[in-house]
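Visitor: For reference, the sequence and a predicted model appear below.
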Amino acid sequence: MSWYIKKGDKIKSFDKICEVQSDKATVEITSRFDGIINKIYYKEGEIVKVGSPLIDIDVEESGHEQKVQKTTPTKPTSTKSTPSSTSTSSTTVTSNNIPSKPFLLADIGEGIAEVELMNWYVKVGDTVKAFDKICEVQSDKATVEITSRYDGVITTVHHKVGDVVKVGTALVDIRPLQDSNSTSTHTTPKSSTPTPTTPTTTLHSNTQPVKVSSGPVLTTPAVRKIAKENSIDLHRLQGTGPKGRILKEDVLNFLNGTKGYIDAPLTSTQTTETKDTSTNASSSSTSSSVTITSKSTKDNQTVVPIRGVQRLMVKSMTAALEVPHMGYSEEIVMDSLINLRKQLKEGLDRKGNSKVKLSYMPFILKATSLALSEYPILNATINKEVTEMTYHSNHNIGVAMDTPKGLIVPVIKEVQNMSIVEIANELSHLQELASKGALTEAHLSGGTFSLSNIGSIGGTYTSPIIVVPQVAIGAMGRFQVVPRYIGKNGKFVSSEEIYSGNATIAPTTIMNISWAADHRVIDGATIARFSNAW
């Protein structure tokens, strides 16, 4: 995407080298050495394969510069060590003489200072190669897999799953293996420290021992969230999905008491296969006792740290509640929009554009942009000192989305220049990224106005909270079909026409809209006129 350096620049470890973008996230690559940029292999916009060299760095080592060309890791080649080898970068050593060195959490970009450790892919004693996965971390904005920078053996794991790790601190210690310039007669001796084995819990019953894995748990972020909220150890649950994946139903069954931990103490009646009716009854009775024990532990208080998206919400909502909010609500008749959307969908189908997900939200976004053109003060932001307002020519409208990680507000940029179909496509794209946890800082920043479609879940009127430093926000309720008086021309009528008998009652589709504005700079008349125009 972009280079932060050029040929001849002097850099240090953890200085930013470049920014790259994958299908899931945008990540900043940092340097692993102190040195001088000698060569840049790619231009901005080019596709780079994992393992390909990005740059050459003349590495500074012991007061001298030493050229190190970063290439795809290769297997050691057979060479013989000579006494003169000390004049080159190659040094013959054995594994016993290679000290472990800390593998630091590098700056993953987007202004992120700390991350939550979600999953380990390695344990002490594992041998890893360059670009093997080490762990998975999650920030307020993205989930990133951290890979090894060299071949070696894991000697220390510094953090547990769920810990918050600061950028620049050690994740693991790795004892590097001999590189390609070392002797090929390399044999890895047995470590003096015994390699920890996977912990097991043996059940003293008629069953075979049940192993409780300490490795990665196959499941989704949504399931992890439910488990964390209820203090459930996923390592001790038996997954029923493909390859042992823990499904949402597995967690819910545990909470309902129909399923316990796989290492929970069992009686002989539970472990014996059913042979007759009496055995079945005994198993059922024992299962009930396990259920009672499981439920009783849920009454204990559990302290859960606020992390990830929730931590970001704490900051934004705390700032927003310092702003005096003014609320305004209105009832909107949606029948005309329903007919318009139906006609447009039929037209798209005839043109072969049936893949366009044309919900009501693109129409609402476009209507908001048109109304903002008439009332630009609502498309403004305010500074912290409340001494200046900035009017924005672009209508960058944030759309609140409920995701497995929590509430996020990605932004659709320059809505005033987009058609209904273009808005629909961009909205679908952002929703897909949000469901994968792949939204970046660029998707979440730059908003000038916000909308919340809480009605897709339920509710009519609400009290939306402004996204500071914006000055207004809107929230839509659910569609409702209600009886309304209609005149002979199909329009709403006055009370006089109703009393005179010139109106009939007809089913009408309505939607409630709730607006909130910063009352320090926006008055009630402005938001009311804006709502009428909308």
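Guide: Noted; the coordinates are in hand.

Visitor: use CA for all of it now, contacts and neighbours both
Guide: Will do.

Visitor: give me phi/psi at residue 343?
Guide: phi -60, psi -40 (degrees, to the nearest 10).

Visitor: For it, grab the count of nearby residues.
Guide: 12 (other C-alpha atoms under 10 Å).

Visitor: if I look at it, how far off is residue 358?
Guide: Residue 343 sits 11 Å away from residue 358, taking C-alpha to C-alpha, to the nearest Å as the criterion.

Visitor: SS state for residue 153?
Guide: Put simply, residue 153 is strand when judged by DSSP: H, G, I helix; E, B strand; the rest coil.

Visitor: ok, now which ones touch the nearest residue to it once chain neighbours are set aside?
Guide: Distances taken as C-alpha to C-alpha, 6 or more residues apart in numbering place residue 127 nearest to residue 153, at 4.4 Å, with adjacent residues excluded. Contacts were defined as C-alpha atoms under 8 Å, 6 or more residues apart in numbering; by that measure residue 127 touches 151, 152, 153, 154.

Visitor: Secondary structure class of residue 313, three-state.
Guide: Residue 313 - assigned by three-state DSSP - is helix.

Visitor: how about the strands of the stretch 201-350 of the chain, start to end?
Guide: For the stretch 201-350 of the chain, the strands defined by DSSP state E, counting those that start in this stretch cover 325-333.

Visitor: the helices in it, which residues?
Guide: 221-229, 248-256, 268-271, 277-297, 308-320, 335-350 (DSSP state H, counting those that start in this stretch).

Visitor: before we move on, what about the stretch 401-534 of the chain?
Guide: Counting by DSSP H, counting those that start in this stretch, one finds helices in the stretch 401-534 of the chain at the ranges 420-436, 441-444, 495-499, 524-533.

Visitor: Give me whichever of those is most buried.
Guide: helix 420-436 (a mean of 18; mean count of other C-alpha atoms under 10 Å).

Visitor: if we can go back for a sec, so which of the helices of the stretch 401-534 of the chain comes closest to residue 40?
Guide: Nearest to residue 40 among the helices of the stretch 401-534 of the chain is helix 441-444 (25.8 Å), distances taken as C-alpha to C-alpha.

Visitor: Remind me what the closest one packs against, helices and strands.
Guide: strand 411-412 (3 or more C-alpha pairs under 8 Å, 6 or more residues apart in numbering; DSSP states H and E).

Visitor: just checking, what packs against the strand it packs on?
Guide: Going by 3+ C-alpha pairs under 8 Å, 6+ apart, strand 411-412 lies up against strand 397-403, helix 420-436, helix 441-444.

Visitor: So what are the sheet partners of it and their directions?
Guide: The sheet places strand 411-412 alongside strand 397-403 (antiparallel), with pairing taken from DSSP bridges.

Visitor: got the contact list for the strand it pairs with?
Guide: 365, 407-415, 431, 434-435, 444, 447-453.

Visitor: Mind checking which of those residues are buried?
Guide: Buried members of those, scored by 16 or more other C-alpha atoms under 10 Å, are 365, 408-413, 415, 431, 434, 444, 447-453.

Visitor: which ones are touching residue 464?
Guide: With C-alpha under 8 Å, 6+ apart, residue 464 has these contacts: 452, 473, 474, 475, 514, 515, 516.

Visitor: Just the ones in strands from these, please.
Guide: Counting by DSSP state E, the contacts of residue 464 place 452, 473, 474, 475, 514, 515, 516 in strands.

Visitor: In these, find the pair that's most separated.
Guide: Spatially, the most separated pair among the ones in strands among the contacts of residue 464 is 452 and 516, at 11.4 Å (C-alpha to C-alpha).

Visitor: Residue 222 - how many residues pack around it?
Guide: A count of neighbours around residue 222, defined by other C-alpha under 10 Å, yields 15.

Visitor: residues in contact with it?
Guide: If you count contacts by C-alpha under 8 Å, 6+ apart, residue 222 has them with 248, 404, 405.

Visitor: cool, and residue 370?
Guide: Contacts of residue 370 by C-alpha under 8 Å, 6+ apart are 416, 534.

Visitor: Give me the average confidence score over the helix or strand harbouring it.
Guide: Assigned by DSSP states H and E, residue 370 falls within helix 361-374. Helix 361-374 shows a mean pLDDT of 94.

Visitor: just stretch 173-189 next, same as before
Guide: Mean predicted confidence for stretch 173-189 is 55.

Visitor: same thing with stretch 230-245?
Guide: 79.

Visitor: Distance from it to the middle of the chain?
Guide: 21 Å (C-alpha atoms, centre = their mean, to the nearest Å).

Visitor: Could you measure from the nearest residue to residue 166 once chain neighbours are set aside over to residue 228?
Guide: Of all residues not flanking residue 166 in the chain, residue 114 sits nearest, at 4.3 Å (C-alpha to C-alpha, 6+ apart). According to C-alpha to C-alpha, residue 114 stands 20 Å off from residue 228.

Visitor: out of the two, which sits in the busier spot?
Guide: residue 114 (20 against 14).

Visitor: for the more buried one, what are its contacts?
Guide: 139, 164, 165, 166, 167.

Visitor: go on, residue 472?
Guide: 378, 379, 449, 450, 466, 515, 516, 517, 518.

Visitor: Next one, pLDDT for the closest residue to it other than its chain neighbours please.
Guide: Nearest residue to residue 472, sequence neighbours excluded (C-alpha to C-alpha, 6+ apart): residue 517, at 4.2 Å. In this model, residue 517 is scored at 94, pLDDT.

Visitor: on that earlier part again, which among the ones in strands among the contacts of residue 464 gets closest to residue 486?
Guide: Residue 486 lies nearest to residue 514 out of the ones in strands among the contacts of residue 464, by C-alpha to C-alpha, at 24.7 Å.

Visitor: what number of residues lie near the closest one?
Guide: By other C-alpha under 10 Å, the residues close to residue 514 number 22.

Visitor: Low-confidence bits of the stretch 1-150 of the chain, can you list those?
Guide: Scanning the stretch 1-150 of the chain for pLDDT under 70 picks out 23-26, 60-97, 107-111, 140-142.

Visitor: An error on my part: the question was meant for the stretch 251-400 of the chain.
Guide: Checking the stretch 251-400 of the chain against pLDDT under 70 turns up 257-299, 308-309.

Visitor: mind running it again at 90?
Guide: Residues of the stretch 251-400 of the chain meeting the criterion pLDDT under 90: 251-322, 331-336, 344-359, 384-386.

Visitor: pLDDT at residue 521, what is it?
Guide: With respect to pLDDT, residue 521 has a value of 91.

Visitor: excluding its backbone neighbours, what's nearest it?
Guide: In space, residue 521 is closest to residue 471, 7.9 Å off (C-alpha to C-alpha, 6+ apart).

Visitor: and the one you found, backbone torsions?
Guide: Dihedral angles for residue 471 - degrees, to the nearest 10 - are phi -120, psi 0.

Visitor: Then residue 126?
Guide: Backbone torsions of residue 126, given as degrees, to the nearest 10, read phi -70, psi 140.

Visitor: how near is it to residue 154?
Guide: Taken as C-alpha to C-alpha, the span from residue 126 to residue 154 is 5 Å.

Visitor: So for those two, which residue has more residues nearby?
Guide: residue 154 (23 against 14).

Visitor: contacting residues for the residue nearest to the more buried one when sequence neighbours are not counted?
Guide: Leaving aside its sequence neighbours, residue 154 sits nearest to residue 174 (C-alpha to C-alpha, 6+ apart; 4.6 Å). Neighbouring residues of residue 174 by C-alpha under 8 Å, 6+ apart: 100, 101, 102, 103, 152, 153, 154, 155, 156.

Visitor: The fourth one is in contact with residue 168, isn't it?
Guide: Just to be clear, that refers to residue 103. No - using C-alpha atoms under 8 Å, residue 103 makes no contact with residue 168, being 9.2 Å away.
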